[in-house]
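> requesting a structural model of the entry that follows:
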Amino acid sequence: MAYARINMIEYASVEEKERTIGSLKGRHQEAFPELRAFAGVETSATSVLTISIYDDEEAAERAGIQSQKFQVDKDISDLFVHEGTVKNFFIDDAHLESLKKLGL
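Numbers count the residues shown, from 1 in each chain. Next up, the predicted model:
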């Protein structure tokens, strides 16, 4: 059953947030091979909320280990993680391609 990890990440600076986001842009699948869906939402000048969806809890756990490695050189001042089984999901297929073309 699909499993999600939701991270609330507070970076030490705007520059660190931008550097981290930039290092992942276009590399989601490379950095996290079992990732099935991802959205990152800027919630303030120095914070991001991310939603990552995996096939199951085991895949999410493996990605959690990869995430810890990815965060080693990042200046993160606070991190909250929530996770659980996905109970609802929707994406408008008609707009999926236009979202992909945004280059996010």
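> tally up the residues packed near the closest residue to residue 2 other than its chain neighbours, please.
Residue nearest to residue 2 in three dimensions, not counting chain neighbours: residue 86, with 4.0 Å by Cβ to Cβ, 6 or more residues apart in numbering. From N, CA and C alone the C-beta is placed, and that goes for glycine too. As a burial measure, residue 86 scores 14 neighbours (other Cβ atoms under 10 Å).
> next one: residue 55
Quick note: residue 55 (other Cβ under 10 Å) scores 13 neighbours.
> for residue 62, see how far away it is.
For residue 55, the distance to residue 62 (Cβ to Cβ, to the nearest Å) stands at 11 Å.
> mutual contacts of those two, please.
With contacts taken as Cβ atoms under 8 Å, 6 or more residues apart in numbering, residue 55 and residue 62 have residue 34 as neighbours in common.
> now name the helix or strand holding residue 23.
helix 14-24 (DSSP states H and E).
> what's the helix or strand that that helix is followed by in contact with?
Once the chain leaves helix 14-24, the next helix or strand it forms, by DSSP H and E, is helix 28-31. By Cβ under 8 Å, 6+ apart, the residues outside helix 28-31 that reach it are 24, 35, 38, 66, 70.
> and the residues you listed as a markdown table, adding secondary structure?
Below are the contacts of helix 28-31 laid out as a markdown table (DSSP: H, G, I helix; E, B strand; the rest coil):
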| residue | secondary structure |
| --- | --- |
| 24 | helix |
| 35 | strand |
| 38 | strand |
| 66 | helix |
| 70 | helix |
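> among those residues, which one has the most neighbours?
Highest neighbour count within the contacts of helix 28-31: residue 35, with 19 neighbours (other Cβ under 10 Å).
> where's that one relative to residue 10, distance?
22 Å.
> equivalent analysis for residue 34, please.
26 Å.
> which helix or strand in the protein has the lowest average pLDDT?
helix 57-70 (a mean of 82; mean pLDDT, DSSP states H and E).
> other SSEs contacting it?
strand 3-11, strand 47-54, strand 76-85 (3 or more Cβ pairs under 8 Å, 6 or more residues apart in numbering; DSSP states H and E).
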